[in-house]
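Novice: coords please:
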Amino acid sequence: MKTFEANGCDKSLKLDIQSSFKHIDGMIEKVLNYLKQEVRCFDSFEINVILRELLTNAIKHGNKNDESKKVLFVLRCYENRLQFRIKDEGQGFDPVKELNEKSDILTPHGMGMTIITSLGYHLEYDQEENYLVATKKVIDKNNILEGNNYEPE
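Specialist: Model (predicted):
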């Protein structure tokens, strides 16, 4: 599995987990602890929701619940944005269909991407490298995350 380079960012955290739901809580705890040290002000509930959705999708849809596979996670803290990168060992997905399609709130699944974007994260998918990137802009010098304002560079 290829790893991510953290070039051009101020700080980064790289973690990988076995593709099992039982490892999600531990990874989220590590990320939140890291953010407490590196970002002065952030919404831990929001980060928890975002990471839970991203990791669940990678395990369930990407790796098809195959515990022999891994999920790679990279957090990048830039001066003006926070970025999560998720890579699984699955076949990938159709980003046009999945990232642009609105979910039906009456179904018991399929809300993850809608939740993530409604919280102000910009989603991009690299089909060649098979990773999903969720980015949120950070405003002011106190590193406060602000929703619905990210514009890709």
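
Novice: what stretches of the protein score poorly on pLDDT?
Specialist: 1-9, 40, 95, 98-110, 139-153 (pLDDT under 70).

Novice: gap between the residue nearest the centre of the chain and residue 35?
Specialist: Geometric centre of the chain, nearest residue: residue 84, 4.1 Å, by CA atoms, centre = their mean. Residue 84 is 11 Å from residue 35, where distance means CB to CB, to the nearest Å. The C-beta positions use only the backbone N, C-alpha and C, and glycine is treated the same way.

Novice: what do you get for residue 135?
Specialist: 15 Å.

Novice: shared neighbours of residue 84 and residue 35, which are they?
Specialist: residue 75 (CB atoms under 8 Å, 6 or more residues apart in numbering).

Novice: Bridge partners for the closest residue to the residue nearest to the centre of the chain other than its chain neighbours, pull those for me.
Specialist: Computed as CB to CB, 6 or more residues apart in numbering, the closest residue to residue 84 that is not its neighbour in sequence is residue 134, at 4.6 Å. When bridges are called by DSSP bridges, residue 134 pairs up with residue 84, residue 123.

Novice: Please list all residues in contact with residue 134.
Specialist: Contacts of residue 134 (CB under 8 Å, 6+ apart): 50, 54, 83, 84, 86, 116, 121, 122, 123.

Novice: how close does the residue nearest to the centre of the chain sit to residue 122?
Specialist: To residue 122, residue 84 is 11 Å away according to CB to CB.

Novice: Find the residues that touch each one of the two.
Specialist: Contact criterion CB under 8 Å, 6+ apart; residues shared by residue 84 and residue 122: 134, 135.

Novice: what's the neighbour count on residue 115?
Specialist: Counted by other CB atoms under 10 Å, the residues lying close to residue 115 total 15.

Novice: Wasn't it part of a strand?
Specialist: No. Assignment of residue 115 by DSSP: H, G, I helix; E, B strand; the rest coil gives helix, placing it outside any strand.

Novice: oh, and call the first residue 229 from now on, that's how I've got it
Specialist: In the new numbering, first residue 229, that becomes residue 343.

Novice: pretty sure it contacts residue 277?
Specialist: Yes. Here residue 343 reaches residue 277: they are 6.5 Å apart, a contact under CB atoms under 8 Å.

Novice: mind listing the helices for the chain?
Specialist: Shown for the chain, the helices assigned by DSSP state H span residues 252-266, 272-285, 323-328, 340-346.
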